[in-house]
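> quick one: sequence plus predicted model below, questions after.
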Amino acid sequence: QKEVEQNSGPLSVPEGAIASLNCTYSDRGSQSFFWYRQYSGKSPELIMFIYSNGDKEDGRFTAQLNKASQYVSLLIRDSQPSDSATYLCAATPPGRRALTFGSGTRLQVQP
Amino acid sequence: EAGVTQFPSHSVIEKGQTVTLRCDPISGHDNLYWYRRVMGKEIKFLLHFVKESKQDESGMPNNRFLAERTGGTYSTLKVQPAELEDSGVYFCASSPRGSTWDTEAFFGQGTRLTVV
């Protein structure tokens, strides 16, 4: 079982719609969760982080964390073609500084 | 301010050869991480330096990989001898002392290594 799992996609949504990206993790002791966006050939860029159960909103982005279900999600409202990228979910396992990444979900926003 | 810089951006070498990748972290960043992504797989942690000391090298795949950070500034990752399965994108990230991933941690653009 992978430590962080994501559906590879592609997830295709029309412009203006809500994109919902999901991630599950296996280590119940993981404390911190991160969403990175990566454009092709570019470096991963942090867009959201969440530590507590519930929702966290930042502009068009909402991260959701459910520790009981070991589930993290990212919602992108009013999706734009510029949001088309690979979205990486990551967690920090207990006692470690390093991030553990999922394989990423490719999002395509259709104009 | 310059970001995390990696050299070269691309490298194509033959199986059995040696390759050295370089990472220049953001100035003043004590933490330096190496990660890699092989084709079709997730980005995987290789090792973590705090200044010149290896804090965590649990992700290094085998003894063909050698990472150094002499003087606590830039870091090199040498692969000797390279094998086909070493092909992928190697990322470096850096952050200040005491920071976590939600603050001031940045990735470089990566080095794409192709072993033929």
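In hand now; what should we look at?
> give me the neighbour count for A:Leu107.
22 (other C-beta atoms under 10 Å in any protein chain shown). Every C-beta, even on glycine, is put in place using the N, C-alpha and C of the backbone.
> and the closest residue to A:Pro10 other than its chain neighbours, how many neighbours?
Nearest residue to A:Pro10, sequence neighbours excluded (C-beta to C-beta, 6 or more residues apart in numbering or on different chains): A:Arg106, at 4.3 Å. For A:Arg106, the count of nearby residues is 17 (other C-beta under 10 Å).
> what of B:Glu83?
13.
> which residues of chain B lie near chain A?
By C-beta under 8 Å from any C-beta of the partner chain, the residues of chain B that approach chain A are B:4, B:31, B:33, B:35, B:40-45, B:48, B:55-56, B:59, B:91, B:100-102, B:105-110.
> and the buried ones among those residues, selectable in PyMOL?
Entered in PyMOL, the line below selects the buried ones among the residues of chain B next to chain A, by 16 or more other C-beta atoms under 10 Å in any protein chain shown:
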select buried, chain B and resi 4+31+33+35+42+43+44+45+48+55+56+59+91+101+102+105+106+107+108+109+110
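> so which of the residues of chain B next to chain A are in strands?
When the residues of chain B next to chain A are checked against strands (DSSP state E), the matches are B:31, B:33, B:35, B:44-45, B:48, B:55-56, B:91, B:106-107.
> format those residues as JSON lines; extra columns: pLDDT and distance to B:Arg69.
Shown next, in JSON lines, are those (pLDDT from 0 to 100; distance: C-beta to C-beta, whole Å):
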{"residue": "B:Asn31", "pLDDT": "93", "distance to B:Arg69": "11"}
{"residue": "B:Tyr33", "pLDDT": "96", "distance to B:Arg69": "11"}
{"residue": "B:Tyr35", "pLDDT": "97", "distance to B:Arg69": "15"}
{"residue": "B:Lys44", "pLDDT": "95", "distance to B:Arg69": "19"}
{"residue": "B:Phe45", "pLDDT": "95", "distance to B:Arg69": "16"}
{"residue": "B:His48", "pLDDT": "94", "distance to B:Arg69": "10"}
{"residue": "B:Gln55", "pLDDT": "93", "distance to B:Arg69": "11"}
{"residue": "B:Asp56", "pLDDT": "92", "distance to B:Arg69": "13"}
{"residue": "B:Phe91", "pLDDT": "97", "distance to B:Arg69": "16"}
{"residue": "B:Phe106", "pLDDT": "92", "distance to B:Arg69": "17"}
{"residue": "B:Phe107", "pLDDT": "95", "distance to B:Arg69": "17"}
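> I'd like these as JSON lines, with distance to A:Gly29 appended.
Below are those laid out as JSON lines (distance: C-beta to C-beta, whole Å):
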{"residue": "B:Asn31", "distance to A:Gly29": "22"}
{"residue": "B:Tyr33", "distance to A:Gly29": "21"}
{"residue": "B:Tyr35", "distance to A:Gly29": "21"}
{"residue": "B:Lys44", "distance to A:Gly29": "20"}
{"residue": "B:Phe45", "distance to A:Gly29": "17"}
{"residue": "B:His48", "distance to A:Gly29": "19"}
{"residue": "B:Gln55", "distance to A:Gly29": "20"}
{"residue": "B:Asp56", "distance to A:Gly29": "17"}
{"residue": "B:Phe91", "distance to A:Gly29": "25"}
{"residue": "B:Phe106", "distance to A:Gly29": "26"}
{"residue": "B:Phe107", "distance to A:Gly29": "25"}
